[in-house]
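Visitor: Sequence and predicted structure below; questions after.
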Amino acid sequence: MWAMVEDDNIIEIYTKPKSITVNNVQYPFTIFTRYTKEEKKRLGIYDINLKKKPNSKFYNMSQPSYYFDKEAEIVNETFTITERDLENEQTGLKSIHKKECKQRAYTEIKKYRWLVERHIYDYRKEIPREVTLYVEKVRLACNTICEAIDNSSDINLFKTLFEDSYDKDGNVLKVAIINDWPNDTNVRKYHR
């Protein structure tokens, strides 16, 4: 990104290259990418030093604003970062992720409902043991995840629920709690 600066004031922000007119001279969009820093500076165009954006899963960000740093000859982006609410019953991160967790568990278990119905109508047709074990593991995973969410007293603890653990070679040692669901490989043949 770039900014047009006149008398130390930002008069325009350019989010992408475009043709512009400066002092009655038309310049092609390549001015932003092919001109040197000094060539752009002579026309009043300065690069924007973009501030690192926060992870929107955990933080809210205000609209950015920009200011010209005359000494550094650069335009800096700034914005306010606030933590997203953890506790609100409707919109809090805990509520949102617990609902998602319970919905995932429901969706996983629902795939095997036909086996239960079949057993109700014909008690001689048993529900396969691997399915009952899998469903039990799904319920346990859901309870574990929801409990971990409830026990997150601040945003930093909450963020750890989404972090995998790696060994020195970059291999996953432990899957993030929020994603630690049982593998359904052995029961896929029963999906409906």
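Guide: On my side now, so go ahead.

Visitor: Give me the buried positions along the helix or strand Val116 falls within.
Guide: Assessed by DSSP states H and E, Val116 sits inside helix 113-121. For helix 113-121, burial by neighbour count (16 or more other CB atoms under 10 Å) applies to Leu115. Where C-beta positions appear, they are placed from N, C-alpha and C, glycine not excepted.

Visitor: Spatially nearest residue to the residue sitting nearest the centre point of the chain (excluding sequence neighbours)?
Guide: Within the chain, one residue has its C-alpha closest to the average C-alpha position: by CA atoms, centre = their mean, that is Lys57, at 4.7 Å. Spatial nearest neighbour of Lys57, excluding adjacent residues (CB to CB, 6 or more residues apart in numbering): Phe162 at 7.4 Å.

Visitor: quick one, what contacts the one you found?
Guide: For Phe162, the contact set (CB atoms under 8 Å, 6 or more residues apart in numbering) comprises Lys57, Ala176, Ile178, Asn179.

Visitor: Rebuild those residues as a markdown table, extending it with pLDDT.
Guide: Formatted as a markdown table, the contacts of Phe162 follow (pLDDT from 0 to 100):
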| residue | pLDDT |
| --- | --- |
| Lys57 | 94 |
| Ala176 | 97 |
| Ile178 | 97 |
| Asn179 | 97 |
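
Visitor: Which one of these is nearest to Lys189?
Guide: Nearest to Lys189, judged by CB to CB, of the contacts of Phe162 is Asn179 at 23.9 Å.

Visitor: Identify the residues contacting that closest one.
Guide: The contact partners of Asn179, taken as CB under 8 Å, 6+ apart, are Phe162, Asp164.

Visitor: what's the pLDDT at Asp184?
Guide: With respect to pLDDT, Asp184 scores 95.

Visitor: err, Thr30, not the other one
Guide: Note on Thr30: pLDDT of 95.

Visitor: What residue spans form the domains of the chain?
Guide: Under the assignment automatic domain parsing, the domains of the chain span 2-83, 93-190.

Visitor: related to what we said a few turns ago, which of the three states applies to the residue nearest to the centre of the chain?
Guide: What DSSP: H, G, I helix; E, B strand; the rest coil gives for Lys57 is coil.

Visitor: where's it relative to His191, distance?
Guide: The gap separating Lys57 from His191 is 30 Å, by CB to CB, to the nearest Å.

Visitor: what does Glu126 give?
Guide: In terms of CB to CB, Glu126 sits 18 Å off from His191.
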